[in-house]
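Undergrad: Would you be able to build a 3D model of this:
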Amino acid sequence: MGRAFVYVILGGGVAAGYAALEFARRGGYSRGELCIISEEAVAPYERPALSKGYLLPEGAAHLPGFHTCVGANDELLTTKWYKEQGIELVLRTKVISADVRRKTLLTATGETISYKTLIIATGARALKLEEFGIQGSDAANICYLRNIDDADKLVNVMKSCSGGNAVVIGGGYIGMECAAALVTNKIRVTMVFPEKHCMGRLFTPKIAEYYENYYTSKGVTFVKGTVLSSFEKDTAGKVTAVILKDGRHLPADMVVVGIGIRANTSLFEGQLVMSMENAGIKVNGQMQTSDSSVYAVGDVAAFPIKLFDGDIRRLEHVDSARRTARHAVAAILEPSKTRDIDYLPFFYSRVFTLSWQFYGYNVGGVVHFGDFTSSSPRFGAYWVNKGQITGAFLEGGSREEYEAISVAVRRKAKVANMAELENQGLAFAVQESQKEMPDGGLTVGEKPTYAWHATAGVVAAVSIAAIGYWYGRKRRRW
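TA: Numbers count the residues shown, from 1 in each chain. I've put the predicted structure just below:
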């Protein structure tokens, strides 16, 4: 028993939807030659909505409203769309083994699915407390957030806890966004994490201080420098308190765990070359793995960042998933016309009325600028390494200002004096963006496409989620 396809996309997340749209637009397949295999019961959707609009107490986002690819201000790909395009959705299907040499996948039901070209878009899974020696995370009021089933559970638990206490374990993207959602649902929140400040892999202490103060003003309590030790439970097995390693007991009507993710690479370990340093599948600039018939995209792909001398990175963010998926399809269908991917690392988020974007790498010396005290803040930071801008962060910017900082990073703008850079602040990036490119590239008034897509994604996200906070993930150590 088996089926054969020319193209198989393994995984049903964001990357799968964007790959499917790219296939449809390029017309590189015939009806019935392309399929998406997904463990989920629904067509690919914009996963960022799960930590935003889906958690709203009123006017929450629902499917089909946030199927891909509305997050990039593009088509809404419903089940009907896939059928019209001749793309087969193989849903509720778990692949338990893969044979790269034979080009086959084996499902949990015993079916063999063969392919000529495979796109691995298996994404990542949420790290569980048990992996760190903490037992009992199967309690009814302990929530993770990775897929729509997780989100449904979180919504139901929140509804039963209005006016109660929630403990959020983790101070990264998911922790921060879930904390904002819990506050919106009138739940008291305590955040617990071992680092010195929130978003430790991206924020500087100064930037983190602003957001922590803002969250505190919304009623969030921060407990830093310690970790979860165990739970107290009632006779029904529900958590009633979180016990910390430092001995403190925190009352809890519910617990949300956001302690990082791990790329789903196990099916291909020992068959494809892995990037051990990045815990992902190593690919080239065409998103092609060590096997020429297999490509990897999204959270699982460790790919070269051309701007930073080909440094191999695995990026856990929706923008990377969208871009790498589209690039892989272009490389598959038109290899001679497709250059190596030239991606500028990009992260963004919206919480409450705040909104920030970050481009590049946060390496080198840091220069902060702007007003960190205003109720309508506009501040940021540059990272400078070897006299060049390598990263830039901006809170409260306009579309043009976000574009400007992205241009400054893309061009590796030269910095002669750090004190002068601090004095110029955002004006430095704006001036840089207005310069002519030495190679005759972008000139005054032109919009770099990577920045435009970033802004479009944010605008679309707000419209479908109907809330002022947007999405992102960074893996972190717990």
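Undergrad: can we go C-alpha only for contacts and neighbour counts from here?
TA: Will do.
Undergrad: And the helices in the stretch 351-478 of the chain?
TA: Residue ranges of the helices in the stretch 351-478 of the chain, as given by DSSP state H, counting those that start in this stretch, are 399-410, 418-424, 426-433, 449-465.
Undergrad: At which residues are the helices of this structure located?
TA: Ranges of helices in the chain, per DSSP state H, are 14-26, 79-84, 148-159, 173-184, 205-217, 318-333, 399-410, 418-424, 426-433, 449-465.
Undergrad: ok, now how distant is the most centrally placed residue in the chain from residue 5?
TA: Central residue of the chain (Cα atoms, centre = their mean): residue 317, 2.6 Å from the mean position. For residue 317, the distance to residue 5 equals 29 Å [Cα to Cα, to the nearest Å].
Undergrad: try residue 341
TA: Counting by Cα to Cα, the separation of residue 341 from residue 5 is 26 Å.
Undergrad: And the two? Which one has more around it.
TA: Legend: neighbour count by other Cα atoms under 10 Å for residue 341 and residue 5, higher for residue 341 (19 against 16).
Undergrad: and the nearest residue to residue 313 once chain neighbours are set aside, bridged to which residues?
TA: Nearest residue to residue 313 in three dimensions, chain neighbours excluded: residue 302, at 5.0 Å (Cα to Cα, 6 or more residues apart in numbering). Beta-bridge pairing of residue 302, defined through DSSP bridges, involves residue 282, residue 314.
Undergrad: give the contact list for residue 302.
TA: With contacts defined as Cα atoms under 8 Å, 6 or more residues apart in numbering, the neighbours of residue 302 are 275, 278-283, 312-315.
Undergrad: hmm, 10 Å instead?
TA: Counting by Cα atoms under 10 Å, 6 or more residues apart in numbering, residue 302 touches 274-284, 287, 289, 296, 311-315.
Undergrad: before we move on, what about residue 332?
TA: Applying Cα under 10 Å, 6+ apart, we find residue 332 in contact with 7, 23, 28, 117-119, 286-288, 292-295, 338.
Undergrad: Low-confidence regions, this structure specifically.
TA: Where the chain drops to pLDDT under 70, the residues are 437-478.
Undergrad: Contact partners for the nearest residue to residue 371 once chain neighbours are set aside?
TA: The spatial neighbour of residue 371 that comes closest, neighbours along the chain excluded (Cα to Cα, 6+ apart), is residue 379 at 5.3 Å. For residue 379, the contact set (Cα under 10 Å, 6+ apart) comprises 207, 356, 368-373, 393-397, 425-426.
Undergrad: re the thing from before, of the contacts of residue 302, which count as buried by neighbour count?
TA: Neighbour-count burial within the contacts of residue 302 applies to 274-275, 278-284, 287, 289, 296, 312-315; the criterion is 16 or more other Cα atoms under 10 Å.
Undergrad: Among those residues, which one sits closest to residue 41?
TA: Of all the buried ones among the contacts of residue 302, residue 296 has the smallest distance to residue 41: 22.5 Å, by Cα to Cα.
Undergrad: wait, what's in contact with the nearest residue to the closest one once chain neighbours are set aside?
TA: Spatial nearest neighbour of residue 296, chain neighbours left out: residue 120 (4.5 Å); criterion: Cα to Cα, 6+ apart. Residue 120 makes contact with 8-11, 15-16, 264-265, 268, 281, 289, 294-301, 325 under the criterion Cα under 10 Å, 6+ apart.
Undergrad: Quick check: beta-bridge partners of the closest residue to residue 293 other than its chain neighbours?
TA: Ranked by Cα to Cα, 6+ apart and with sequence neighbours excluded, the top spatial neighbour of residue 293 is residue 117, at 4.9 Å. On DSSP bridges, the residues paired with residue 117 through beta bridges are residue 7.
Undergrad: Surely residue 117 and residue 328 touch.
TA: No. Judged on Cα atoms under 10 Å, residue 117 makes no contact with residue 328 at a distance of 11.1 Å.
Undergrad: okay, the two: which has more neighbours?
TA: Legend: neighbour count by other Cα under 10 Å for residue 117 and residue 328, higher for residue 328 (26 against 18).
Undergrad: The more buried one and residue 288 touch, don't they?
TA: Yes. In this structure, residue 328 sits in contact with residue 288. The criterion is Cα under 10 Å, and the distance is 7.4 Å.
Undergrad: Show me where the stretch 51-200 of the chain has its strands.
TA: Using DSSP state E, counting those that start in this stretch, the strands assigned to the stretch 51-200 of the chain run over residues 87-90, 95-99, 104-107, 112-114, 117-120, 124-126, 142-143, 165-169, 188-193.
Undergrad: Quick check: which of those strands is buried the most?
TA: Mean neighbour counts were compared across the strands of the stretch 51-200 of the chain using mean count of other Cα atoms under 10 Å; the top stretch is strand 165-169, at a mean of 27.
Undergrad: now the angle from that one to helix 148-159?
TA: Compare the direction of strand 165-169 with that of helix 148-159 by axes from the mean of the first three to the mean of the last three Cα atoms, to 10 degrees and you get 150 degrees.
Undergrad: gap between strand 165-169 and the chain center?
TA: Averaged C-alpha coordinates place strand 165-169 at 22 Å from its chain's average position (Cα atoms, centre = their mean, to the nearest Å).
Undergrad: what packs against that strand?
TA: Secondary-structure packing of strand 165-169 (3 or more Cα pairs under 10 Å, 6 or more residues apart in numbering; DSSP states H and E): strand 142-143, helix 173-184, strand 188-193, strand 221-224, strand 239-244, strand 249-251, strand 254-257.
Undergrad: and the direction of the longest one versus that of strand 188-193, what angle?
TA: Read that as helix 173-184. Between the direction of helix 173-184 and that of strand 188-193, the angle (the same axes, to 10 degrees) works out to 170 degrees.
Undergrad: Can I get helix 173-184 in PDB, CA atoms only?
TA: The C-alpha trace of helix 173-184 is given here as PDB (Å, rounded to 0.1, in the frame of the first residue of the first chain):
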ATOM      1  CA  TYR A 173       9.300  35.100  23.000                       C
ATOM      2  CA  ILE A 174       6.500  32.700  24.000                       C
ATOM      3  CA  GLY A 175       6.800  33.600  27.600                       C
ATOM      4  CA  MET A 176       6.500  37.300  26.900                       C
ATOM      5  CA  GLU A 177       3.700  37.100  24.400                       C
ATOM      6  CA  CYS A 178       1.700  34.600  26.500                       C
ATOM      7  CA  ALA A 179       2.100  36.800  29.600                       C
ATOM      8  CA  ALA A 180       0.600  39.700  27.600                       C
ATOM      9  CA  ALA A 181      -2.300  37.600  26.500                       C
ATOM     10  CA  LEU A 182      -2.900  36.400  30.100                       C
ATOM     11  CA  VAL A 183      -3.000  40.000  31.400                       C
ATOM     12  CA  THR A 184      -5.500  40.800  28.600                       C
END
